[in-house]
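Student: Coordinates for the following, if possible.
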Amino acid sequence: MHRMEKISKISEKLLNKLPSCGLLVSGSQDKPNVMTVGWGTIGMMWGKPVITVPVRVSRYSHGLMDSNKEFTMCFPKQDELVEEVKICGSKSARDFDKFEKTGLKLIPSKTVKIGNISQCNIIIECRKVAKVDMPTSTLTDDRLLNQWYPNGNPHTIFYAEILDAYER
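Tutor: This next block holds a predicted model:
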């Protein structure tokens with residue numbers, strides 16, 4: 001099946017999962033990290049299927065995303081991995097190994113070197129193509145600025161080509 005057909009086939013399920021959080025696996029094979037991501041978009045840019053992933057500059061994962069070209073987005077089934085997602089979104093890998101703490105298992109991916117989480121049922125394998133440091137001064141809605149950036153700490157938006165997408 002062609003890549004776009006695979007993405008189209010799971011897109012509705014994926015779009016329903018984005019608001020409930022996915023797990024970003026970044027870093028390297030020998031030093032992977034997992035982080036909860038609650039925002040993102042999927043679409044077409046530069047003639048490619050693309051996912052955007054925002055990561056705050058202050059996060060440990062930000063440096064990993066900067067220094068590695070590939071990552072995976074992994075989405076658990078509804079109401080599964082709830083505690084694991086909370087831990088990965090509230091604790092830093094600067095302090096401990098999230099895989100060890102949560103019991104999440106990393107398995108090989110199909111097209112990228114970084115693995116994906118075996119307990120998740122939708123996997124998006126990605127290669128970075130661009131990034132934009134979001135200056136909060138560009139927000140035209142003060143409510144967003146006040147709600148999400150009262151003390152600064154902006155996001156970098158990472159754009160990545162979707163190399164493969166599948167459900168298991």
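Student: could you check the distance from the residue lying farthest from the centre of the chain over to residue 156?
Tutor: Largest separation from the mean C-alpha position in the chain: residue 142, at 26.3 Å (Cα atoms, centre = their mean). Per Cβ to Cβ, to the nearest Å, residue 142 is found 22 Å from residue 156. (C-beta placed from N, C-alpha, C; glycine too.)
Student: Over to residue 143?
Tutor: Distance, residue 143 to residue 156, using Cβ to Cβ: 22 Å.
Student: Can you name the element that comes right after the helix or strand residue 144 falls within?
Tutor: Element membership of residue 144, judged by DSSP states H and E, is helix 142-148. Once the chain leaves helix 142-148, the next helix or strand it forms, by DSSP H and E, is strand 155-167.
Student: Mind listing what's buried along that next one?
Tutor: For strand 155-167, a neighbour-count test (16 or more other Cβ atoms under 10 Å) marks 155-166 as buried.
Student: pLDDT and distance to residue 134 added to these, as TSV?
Tutor: Shown next, in TSV, are the buried residues of strand 155-167 (pLDDT from 0 to 100; distance: Cβ to Cβ, whole Å):
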residue	pLDDT	distance to residue 134
155	94	5
156	96	7
157	96	6
158	98	11
159	98	12
160	98	16
161	97	20
162	96	21
163	97	25
164	95	27
165	93	25
166	93	30
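Student: Turn the residues you listed into CSV, including distance to residue 88.
Tutor: Compiled in CSV, these are given as follows (distance: Cβ to Cβ, whole Å):
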residue, distance to residue 88
155, 17
156, 19
157, 20
158, 17
159, 22
160, 19
161, 24
162, 22
163, 23
164, 22
165, 21
166, 21
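Student: and of those, the nearest to residue 54?
Tutor: Nearest to residue 54 out of those is residue 155 (Cβ to Cβ; 3.9 Å).
Student: wait, doesn't that closest one sit right on residue 56?
Tutor: Yes. Counting by Cβ atoms under 8 Å, residue 155 touches residue 56, with 5.4 Å between them.
Student: quick one: secondary structure of residue 4?
Tutor: Under DSSP: H, G, I helix; E, B strand; the rest coil, residue 4 falls in the helix class.
Student: roughly how far apart are it and residue 135?
Tutor: Going from residue 4 to residue 135 by Cβ to Cβ gives 33 Å.
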